[in-house]
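Prediction below, plus the sequence it came from.
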Amino acid sequence: MIRTKLASLFMVLTILFTACQPEKKATKSEFPKPNIVVIYLDDLGYGDLSSYGATELQTPNIDALANGGVKFTNGYASSATCTPSRYALLTGVYPWKNKNAKILPGTAPLIIDTAQVTLPKMLKTQGYQTALVGKWHLGLGTGHVNWNEAVSPGPNEVGFDYAYYMAATQDRVPTVYLENGMVEGLDLNDPIEVDYNNNFEGQPTGKDNPELCDMMWHHGHNATIVNGVPRIGYMKGGEAAKWSDIDMADHFLGKAQDYVKTHKDQPFFLYYAMQQPHVPRTPHPRFEGKSGMGPRGDVILEADWCIGEFIKTLEEEGILENTLIVFSSDNGPVLNDGYYDDAVEKLGKHTPAGPLRGGKYSLFEAGTRVPFITYWKGTIQPGVSDALVCQMDLLASLAKLTGTEETSTDSEELMDVLMGKSADGREELVIEATTRTALRKGDWLMIPPYKGAKKNMQVNIELGNDEVFQLYNLNEDISQQHNVAESHPDKLAEMVNAFKAIRG
């Protein structure tokens with residue numbers, strides 16, 4: 001009897017003690033799959049960040065990621081232009097395998113097959129919520145889009161549960177935001193019409209009405225005027241839905257922050273595709289003149305601030321230590337990319353490409369070698385890595401991280417490299433620039449002969465074209481000043497054979 005009473009008393013005390021304990025907080029071991037955020041800038045060069053050697057621009061918030069995570073010195077986009085790089089990032093497939101993976105007009109059809117493996121689709125199978133906020137530029141619909149009804153297929157059909165985006169680029173029509181396929185704020189009594197070949201009657205253009213432009217076009221950007229900025233392509237209607245350029249950075253930041261706040265209770269993947277420093281460079285008045293380099297410098301400072309605010313949100317919501325952040329850019333830098341905006345005149349001592357040769361559109365290193373950072377507070381130890389990595393490798397690597405395997409694409413599993421635990425990156429990588437390809441293998445880069453201009457005079461960038469093979473030892477000659485193809489015939493033959501084995 002005494003034993004029974006003691007047992008009952010012990011049980012009551014155990015229940016009371018348990019009930020009085022504070023609620024146990026979730027630990028990383030209980031929720032092993034981290035949130036994943038890819039922060040993707042647009043036309044940011046290897047030398048545009050103070051953590052990558054810039055002295056004339058200070059980017060403290062991005063530097064905090066670089067200094068607190070792994071800063072890659074050999075991190076690559078797959079391509080020297082935007083659409084192909086984004087295609088490779090999301091599909092893990094070399095963009096030169098898809099003839100439609102090129103710079104697209106705002107009316108282009110979706111170039112990702114809806115049956116294709118994608119990064120967000122893979123992560124959904126692993127229990128992730130998936131979202132896109134920012135620039136899309138991978139096509140929408142089937143080529144005949146009615147912007148006044150649901151636009152499909154698009155981001156939602158290739159794996160994103162939530163998508164808030166602009167269709168193409170800030171310098172192309174339509175100049176509206178879409179949310180899950182619907183134009184935001186559209187008045188159906190003022191329907192949108194878009195055409196990339198013919199203007200609509202009575203619509204002013206940058207070419208014919210320069211007096212209506214607050215920003216003057218230099219080349220190619222002389223069609224429909226929106227907010228005083230002439231664009232590529234013609235648009236009519238949709239006045240209530242048109243975006244405010246100077247508020248775009250704040251607008252996308254707010255959407256990214258809201259997503260984090262409302263989806264923090266389950267693992268999420270957020271593709272935060274920022275528009276800076278792509279043209280037209282339209283900094284918010286808070287940042288206007290802050291860099292001393294004109295709008296291009298100002299929007300880089302604006303982007304850095306946005307990233308700082310986004311990181312604060314992760315911290316305030318208590319999830320920074322369970323969030324893997326990957327930071328990079330879709331291709332290298334360009335100064336005058338279609339507008340007169342003082343990017344050239346006010347550059348001063350700043351070198352957007354750093355020590356690299358070329359830039360956007362180029363097969364030289366500055367076209368595809370870009371800032372590339374992985375950060376996971378408390379998990380990734382700070383360091384600098386010379387390993388060869390590509391954005392295309394995120395698919396297979398994040399599959400490994402989240403408990404599955406992806407071997408059906410060109411993506412290589414390099415999770416230990418991204419985590420700073422290994423220095424064994426890719427052995428070789430085919431890079432692409434406006435359908436031309438070249439091979440990076442080890443310390444070497446081989447560019448096959450290509451016809452065409454050696455320099456794009458409109459943007460003042462060397463393209464990498466030459467009548468002869470080019471071979472560079474990047475470890476000894478990072479600025480690619482010495483073509484050693486003739487003096488290293490065996491190495492050239494080895495590179496050509498490796499290139500053919502991949503490229504065909």
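All right, it came through fine.

In three-state terms, label residue 258 for me.
In the three-state summary, residue 258 is assigned as helix, counting by DSSP: H, G, I helix; E, B strand; the rest coil.

Relative to residue 411, how far out is it?
Spatial separation of residue 258 from residue 411 under the definition CB to CB, to the nearest Å is 30 Å. Placement of C-beta: from N, CA and C, glycine included.

neighbour-wise, which of the two wins?
Counted by other CB atoms under 10 Å, residue 258 and residue 411 do not tie: residue 411 has more neighbours, with 27 against 13.

Need phi/psi at that one.
Residue 411 adopts backbone torsions of phi -70, psi 130, taken as degrees, to the nearest 10.

residues contacting it?
Residue 411 sits next to 92, 93, 392, 393, 394, 395, 396, 397 when contact means CB atoms under 8 Å, 6 or more residues apart in numbering.

One more: residue 266?
Neighbour list for residue 266: 127, 128, 129 [criterion: CB under 8 Å, 6+ apart].

Report the buried members of those.
Neighbour counting over the contacts of residue 266 (16 or more other CB atoms under 10 Å) leaves 128, 129 as the buried ones.

Including secondary structure, pLDDT and distance to residue 218, could the contacts of residue 266 go into CSV?
CSV is the format used below for these (DSSP: H, G, I helix; E, B strand; the rest coil; pLDDT from 0 to 100; distance: CB to CB, whole Å):
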residue, secondary structure, pLDDT, distance to residue 218
127, coil, 97, 48
128, coil, 98, 43
129, strand, 98, 42
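
between the contacts of residue 266, which is nearest residue 477?
Nearest to residue 477 among the contacts of residue 266: residue 128, at 42.6 Å, using CB to CB.

ok, the closest one touching residue 37?
No - applying CB atoms under 8 Å as the test, residue 128 and residue 37 come out as separate, 11.7 Å apart.

biggest separation within the contacts of residue 411, which pair?
Maximum pairwise distance among the contacts of residue 411 (CB to CB): 14.9 Å, between 93 and 397.

Count residues in the vicinity of the residue nearest to residue 157 when sequence neighbours are not counted, would you?
Of all residues beyond its chain neighbours, the one nearest residue 157 is residue 114 (4.8 Å), with distances taken as CB to CB, 6 or more residues apart in numbering. Counted with other CB under 10 Å, the neighbours of residue 114 add up to 14.

Is residue 114 inside a helix or a strand, and which specific one?
Residue 114 is part of no helix or strand, with elements assigned from DSSP states H and E.

related to what we said a few turns ago, go through the contacts of residue 266 and name the one nearest residue 168.
Set against residue 168, the nearest of the contacts of residue 266 by CB to CB is residue 129 (25.7 Å).

what's the distance between the nearest residue to that closest one once chain neighbours are set aside and residue 222?
For residue 129, ignoring the flanking residues on the chain, the nearest one in space by CB to CB, 6+ apart is residue 268 at 4.3 Å. Separation of residue 268 from residue 222 (CB to CB): 41 Å.

From residue 57, how far out is the residue nearest to residue 157?
Using CB to CB, one gets 41 Å for the distance from residue 114 to residue 57.

and what of residue 375?
Using CB to CB, one gets 20 Å for the distance from residue 375 to residue 57.

again, but for residue 48
Residue 48 sits 7 Å away from residue 57, taking CB to CB as the criterion.

higher neighbour count, these two?
Between residue 48 and residue 57, counted using other CB under 10 Å, residue 48 has the larger neighbour count: 31 against 19.

which residues does the more buried one contact?
Residue 48 makes contacts with 54, 57, 59, 277, 300, 333, 352, 371, as judged by CB under 8 Å, 6+ apart.

how about a cut-off of 7 Å?
Contacts of residue 48 were listed using CB atoms under 7 Å, 6 or more residues apart in numbering, and they are 54, 57, 300, 333, 352.

my guess is the fourth one contacts residue 41, does it?
Meaning residue 333. No - here residue 333 lies out of contact with residue 41, judged by CB atoms under 7 Å, at a distance of 10.5 Å.

From residue 298, how far off is residue 276?
Here the criterion is CB to CB. By it, residue 276 lies 9 Å from residue 298.

Likewise for residue 92?
If you measure residue 92 against residue 298 using CB to CB, the figure is 35 Å.

And these two? Which one has more around it.
Just comparing residue 92 and residue 298: by other CB under 10 Å the higher neighbour count belongs to residue 92, 30 against 25.

contacting residues for residue 300?
Taking CB under 7 Å, 6+ apart as the definition of contact, the neighbours of residue 300 are 48, 57, 59, 276, 277, 291.

go on, residue 485?
If you count contacts by CB under 7 Å, 6+ apart, residue 485 has them with 468, 469, 470, 471, 492.

Now with 6 Å, please.
With contacts defined as CB atoms under 6 Å, 6 or more residues apart in numbering, the neighbours of residue 485 are 469, 471, 492.
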